[in-house]
Every structure is written in structure tokens, then in C-alpha cells.
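Visitor: Next input, structure requested:
(one chain, ligands or ions: 1)
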Amino acid sequence: MLMAGPVLSSSDIPGPPPSAGGHNLRDIAEAGGLPGFQVRLHRTYGEIAHFAMPNAQVVSVASPEVLESTLDLPECPMELAPFLTPLADAANVLLSGEQDRARWRRTVIPALSCPHRAESDHPRFIDIIEESAQRWSSTGEPVALERELDTLALRLMCTSVLGSTPGQAAIVERVTDAFERLPEFFLGQVYGVRTTSQEPAVDSALTTLRDVVTFLVDEVAPSDLISAARRAGQSSKDLVNTLLAILIGAHRTTGTVVSHALRQLMRHRDVAKRLRAELKTVLGGKAAPAFHELPCLRYLRRTLNESVRLASPVPGIARRAPDGIALGAYRIPAGTVVHYAIRAVHMNPRVWPRPDEFDPDRFDTAPQNSRPAMAFVPFGIGRNDCPGALVAMEHALLMLAVLAHRFRFESRTAGKQGSRFSLGGPCADPVRVRPRRSR
Ligand code: HEM
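Guide: Numbering: from 1, shown residues only. The predicted structure follows:
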């Protein structure tokens, strides 16, 4: 990005002083994790700020224009994603070099985003969503909405990438259960915070994940994705890693944005009313949208986008500058870690006035066109952006359409949501689900 004025050195970038140990881990833990820390960091120090990790000096960016000027930064330093390192011995694609990753993406992305498959899966997905919501409502007891929606989203993803497997619901339940224990444990270790997950439970979770995925690769009839991966020369070991990467990517992402949207609808009755009116108009008396009706649900998409803006499930991503580069007004040396603070970009008040307010109309065409291109980047940017973006949005829109149209969601705290990535932070309130009498 071209800036007027002198070029400043990276030591001029503002940021908090390091605490004990010469880094800011304690500050991050005290903020309840990176999402809260980065929003506070940028509110205090501006759109380009600095903080320290034990093994890296990090420059954090909350400016959409500066993000756009650094689209080509390639590397993704894995020491900043500690919860992935236990999977490193499986040569996971998330940890592989640029060339292998590019080849992997050329195979996986078209198989994941195939429109014909999406259309043929559509009726089965509606059944799975309805069946889950009926189960939540039939007990009469409040349910743990976030966990249920994570499981549901993983089930849709497994159906997409594996086809229908006998016993799939039970398999997905085991995978969700295993994933529940991982991120908090490893993040807790990094930040020196005690969490509820214990080491033996985490070891058994990792073993479960590998066993389940190996079973899926060896025993299940090949789906489109598995066939495409085999044609591209992926060995069984590669395939295990492909499926692990997809399951990791699909965990606490699609389900998280739908649960956040449902909680926002509980708090904002005006938005809920408009959304229901749109669903009634587009669907007529039908229980769920036909595949070709999804693009007509414009307010639904805006509501979902606004939920993603406020609660991007991946709050930030990291790159490493290979050469010295310009970052806004600063020049940073080779090797500096650049942190794209997705949450803070989405909360940047210059670009998003009244950033804390939930307002789906921000995603109406006119305001959308007046914003910088990189103002909304929930799926990352550049050549390593999220390969599941299309399929995640398809699944999320359908889940939200069916659930908001057919079911009522109520909670004691009117939908307030705790952060699921927090380090020992509060859990979200359970939610009562009831079928609607009229549609
Ligand atoms: C709302 C849902 C989702 C959001 C917001 C999201 C966001 C992201 C982000 C920000 C990244 C990092 C991109 C980068 O480094 O530039 C990422 C990577 C990734 N996501 Fe997603 N994701 C979502 C759902 C999914 C789903 C459903 C899948 C499974 C198909 C998936 C699979 C992946 C994988 C495999 C990567 C690593 C890609 C690579 O490093 O080359 N994601 N995602």
C-alpha cells in the first residue's frame, strides 16, 4: 500500500509492553484468547500493532487496505497454530509446503464445491437437519446448542465428502467428541492456563481421530472426493490426511456461525421477524427451501454474513514475510510474522461504523459496494484461503433456513453466547428448542 510520509521501521510499530518472559501470552490468556486480545490491541494501538509470542515478534494488521497489499505472503508459521502440531507426524496437508499444498487444493476444492453434488445432497441434508432438531425438541430439555450444531455441521460435511455411510451419525458423534478436547488443551498449554481437558483424554482423542478416519478411507465405498483424490495419486495415507484436514476445517466453524446467528435472532426480534417473513414469502407453505430457492433468500444471507462478521470462527491467520516488505507506513524485516487479525478487521470502526451492533443490512448491496475489498475476510485471503468456503456457506444457509423456519429457540439469557475458543471461559447457556405450530 502506498503511504505518504516517511517509511518507519518496525520498531516504531506501537504495541503493549511484553509481560513476564518477554512476550504477551499472559495478556492473551487474560483477554480470554486471541480474538478478544486482538480486538483490544487494535482499539488501543491502531490498525497496525505489534505484540510478542515466545518464539516470534508479531505484527498484527486490522486494515483491509494493508491486507490487500500483502496478498502474496506465502508461509504460514505453524508454531503459531500449536493445536495442529500433534497431527504433524501424519504429514498433514496443513503443515506441508507450498507446492504440495497447491496440488492438494487443485484436487480437493473442485470435489468439495461441485454444484451437482450440492443439489443432489440437498434433500438428504434437509432430512438430517430436521431429524436433529426434532430430537432436540422431543426431550423437552434445553440442549447445548453449540455442540449440537457442530455435530450437525460435521454430519453434513461427512455426507458431502463420504456419501451416506451406515452408522455415520455415531461416527460423527465420536469425531466431535474427540475434537472437543483438543484445541482448548493445546492452547491452554501454550498460554500456561489450566483447562478441563487432561493429557490422557487428549491422547485418546487423537487416536480416535486417526482410527475413525483410517476406517473411513479403508472401508467406505468411494465418494466423489475420495475418487478424485485417488485419481490424483493420493495414497491411503494421503487420504487419511485429506479427511483429517477437512474434518479439522469443518469443526467449530460452520456450526459456530449458525449457532451465533440463532443466538442473535433470539436477541433481535425485529431481525427474526423480517427473516421469518422472507422465509414465508419464498417458501410459500413448504417446510424447507428447494435448492434453486436458496439464492432468493437474500435477508437470510445477510443475517448469516453479519453473524460471521461478529463471530468469525477463525479469528486470525498468520503469514511470514520472506523478504523485507512495506506494511502500511512501516518497513518490516524478513522473517517477521504478519498476523491478519480477521476479528479486528471485522470490528474496524473506520470500515464498520458501530462495529459491536448486529445489523444484517450492512450486507445490503449499497453499503457493501462502498467498503474496501478486504473488509470482510472470514475465509482468509490469498492462495491459502479456506478451501471449504463455498460448501460451508451452503450448509450454513440451509441449516439456518430450516431451523429458523420450523423451530423456535429460547434461552434464559436471551441468546448471549460465550466464546467456544475461550480458555476456561463461560459456556453458552443451553437452549430450549420447540417446533413452530404455524409456518
Ligand atoms: C464458516 C465456516 C468456515 C470459516 C469461517 C473458515 C475459515 C478459514 C480460514 C480463515 C482459514 C485460513 C485461511 C488462510 O490461511 O488464509 C481456513 C483454512 C482451512 N479451512 Fe476453513 N473455514 C470454514 C469452514 C471450513 C469447512 C467446512 C472446511 C472443510 C471442508 C474447511 C477447511 C479448511 C481447510 C482444509 C483449511 C486449510 C487450508 C490450507 O491451509 O491450505 N473450512 N478456513
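Visitor: any idea how far Arg210 lies from Glu278?
Guide: From Arg210 over to Glu278 the distance is 44 Å, taken as CB to CB, to the nearest Å. (Glycine included, C-beta is placed from N, CA and C.)
Visitor: Tell me which of these two has more neighbours.
Guide: When neighbours are counted by other CB atoms under 10 Å, Glu278 comes out ahead of the other of Arg210 and Glu278, with 20 against 16.
Visitor: Just the element for that one, please.
Guide: Assigning secondary structure by DSSP states H and E places Glu278 in helix 269-283.
Visitor: can I get the CA coordinates of that helix in CSV?
Guide: Extracted C-alpha coordinates of helix 269-283, given in CSV (Å, rounded to 0.1, in the frame of the first residue of the first chain):
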residue,chain,number,x,y,z
ARG,A,269,-36.7,-9.9,17.4
ASP,A,270,-37.0,-7.3,14.7
VAL,A,271,-34.4,-9.2,12.6
ALA,A,272,-36.0,-12.6,13.4
LYS,A,273,-39.4,-11.2,12.3
ARG,A,274,-38.0,-10.0,8.9
LEU,A,275,-36.2,-13.2,8.3
ARG,A,276,-39.4,-15.3,9.0
ALA,A,277,-41.4,-13.0,6.7
GLU,A,278,-38.8,-13.7,3.9
LEU,A,279,-38.9,-17.4,4.5
LYS,A,280,-42.7,-17.4,4.4
THR,A,281,-42.8,-15.5,1.2
VAL,A,282,-40.1,-17.5,-0.6
LEU,A,283,-41.1,-20.9,0.7
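Visitor: I'd like to know which elements that helix is packed against.
Guide: helix 254-267, helix 298-310, helix 389-406 (3 or more CB pairs under 8 Å, 6 or more residues apart in numbering; DSSP states H and E).
Visitor: Tell me which residues are up against that helix.
Guide: By CB atoms under 8 Å, 6 or more residues apart in numbering, the list of residues contacting helix 269-283 from outside reads 264-266, 289, 293, 296-300, 303, 358, 360, 401, 404-405, 439.
Visitor: Please check these and keep the buried ones.
Guide: Buried residues within those, counting neighbours by 16 or more other CB atoms under 10 Å: 264-266, 289, 297, 299-300, 303, 358, 360, 401, 404-405.
Visitor: before we move on, back to that, which of the contacts of helix 269-283 come close to the ligand?
Guide: With CB under 6 Å from any ligand atom as the criterion, no member of those is in contact with the ligand.
Visitor: Look at whatever residue of the stretch 201-350 of the chain ends up closest to the ligand and say how many residues are nearby.
Guide: Sorted by distance to the ligand under CB to the nearest ligand atom, the residues of the stretch 201-350 of the chain start with Gly249, at 2.1 Å. Using other CB under 10 Å, Gly249 is surrounded by 20 other residues.
Visitor: Phi and psi next, for the nearest residue to it once chain neighbours are set aside.
Guide: Beyond its immediate neighbours in the sequence, the residue positioned closest to Gly249 (CB to CB, 6 or more residues apart in numbering) is Gly388, lying 5.1 Å away. Here the main-chain torsion angles of Gly388 (degrees, to the nearest 10) amount to phi -100, psi 10.
Visitor: Tell me how far Gly388 lies from the ligand.
Guide: With distances defined as CB to the nearest ligand atom, to the nearest Å, the gap from Gly388 to the ligand amounts to 2 Å.
Visitor: contacting residues for that residue?
Guide: Neighbouring residues of Gly388 by CB under 8 Å, 6+ apart: 112, 157, 246, 249-250, 253.
Visitor: what about the nearest residue to Pro333 once chain neighbours are set aside, how many residues close to it?
Guide: In space, not counting the residues next to it along the chain, Pro333 is nearest to Gly324; the distance is 5.2 Å by CB to CB, 6+ apart. A count of nearby residues for Gly324, using other CB under 10 Å, gives 13.
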